[in-house]
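S.K.: take a look and give me a structure for this.
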Amino acid sequence: MRPHFSRYVLFGIGIAGIIVTVGSGWLRAGRPVFGMTQAAGLVLSTFLALQSVQGIAFPKVKVHVGLLLLVYLSGMLFMGLRPLRHELSATRHFLVFAFLPRRDFIINIVGFIPFGYLLLLYFMSGKGKGGLLGMTLLAVVAGTGTSLILEIVQFYIPGRTSSLFDLIANGMGTCFGVAYFLVEKKFSSG
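M.R.: The predicted structure is shown next:
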């Protein structure tokens, strides 16, 4: 058996976990449910797939991380852009300033931690011409920008609310993911 075969199996299991976690809400009878369980499954599946990437040579790691980032982003878009009700809300506001329930705030933070980590890992697995600081800022801006795009699109989806606190929570999650990557990099190289 080839030494990297188990890494590919682990990567495949992580990708399958992301797909099953996101798809499980649609397999239930009635209204799809996406909550803490799905967010936890999405995050755990992503970290499982990330474990397979460690130790893979440069050209292949960028492809693996890019695929993982694409699948994770697809899952986030799938969960974040589904309509919640069939009727349109009577009052529609863009980036409404209303506090989220604590559970939703935590889900938004947790959901973007792997995204921030994956963004920085993807940017760092390239040639890294911008240096560590440049790549870190790029990852934070890309994660927060993705969240802003989600909030803009949610404004037009029936039953969804474009929330400033979603944007803040997603930005915090991106920053936590980037910080986790930087701490892990410091301790693994030091």
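
S.K.: now do the helix or strand hosting Ile15: everything it contacts.
M.R.: Element membership of Ile15, judged by DSSP states H and E, is helix 5-27. With contact meaning C-beta atoms under 8 Å, 6 or more residues apart in numbering, helix 5-27 is reached by 32-34, 38, 41-42, 44-53, 55-56, 64, 67-68, 71-72, 74-75, 78-79. For glycine as for every other residue, the C-beta is placed from the backbone atoms N, C-alpha and C.

S.K.: cutoff 7 Å now
M.R.: Applying C-beta atoms under 7 Å, 6 or more residues apart in numbering, the set of residues contacting helix 5-27 from outside is 32-34, 38, 41-42, 45-46, 48-49, 51-52, 56, 64, 68, 71-72, 75, 78-79.

S.K.: right, and the helix or strand after that helix?
M.R.: With DSSP H and E, the next secondary element past helix 5-27 is helix 36-53.

S.K.: how close does Phe155 get to Arg82?
M.R.: 15 Å (C-beta to C-beta, to the nearest Å).

S.K.: same question for Ala139.
M.R.: Ala139 is 26 Å from Arg82, by C-beta to C-beta.

S.K.: three-state assignment of the residue positioned nearest the centre of the chain?
M.R.: The C-alpha lying nearest the average C-alpha coordinate of the chain belongs to Phe115 (C-alpha atoms, centre = their mean; 3.5 Å). Classification of Phe115 using DSSP: H, G, I helix; E, B strand; the rest coil returns helix.

S.K.: burial of the residue nearest to it when sequence neighbours are not counted, as a residue count?
M.R.: In this structure, Phe115 finds its nearest non-sequential neighbour in Gly143, 5.6 Å apart by C-beta to C-beta, 6 or more residues apart in numbering. Neighbour count of Gly143, defined by other C-beta atoms under 10 Å: 25.

S.K.: try the one 3 residues further on
M.R.: Residues near Thr146, counting by other C-beta under 10 Å, number 20.

S.K.: same question, Leu44
M.R.: Count around Leu44 with other C-beta under 10 Å applied: 15.

S.K.: separation between the closest residue to it other than its chain neighbours and Ser45?
M.R.: Spatial nearest neighbour of Leu44, excluding adjacent residues (C-beta to C-beta, 6+ apart): Gly17 at 7.1 Å. In this view, Gly17 and Ser45 are 3 Å apart by C-beta to C-beta.

S.K.: likewise Glu151?
M.R.: Glu151 is 25 Å from Ser45, by C-beta to C-beta.

S.K.: so between the two, which is more surrounded?
M.R.: Neighbours per residue (other C-beta under 10 Å) separate Glu151 from Ser45, with Ser45 holding more: 25 against 21.

S.K.: my guess is Ser163 meets Phe97, correct?
M.R.: No. Ser163 is not in contact with Phe97 according to C-beta atoms under 7 Å; the separation is 8.2 Å.
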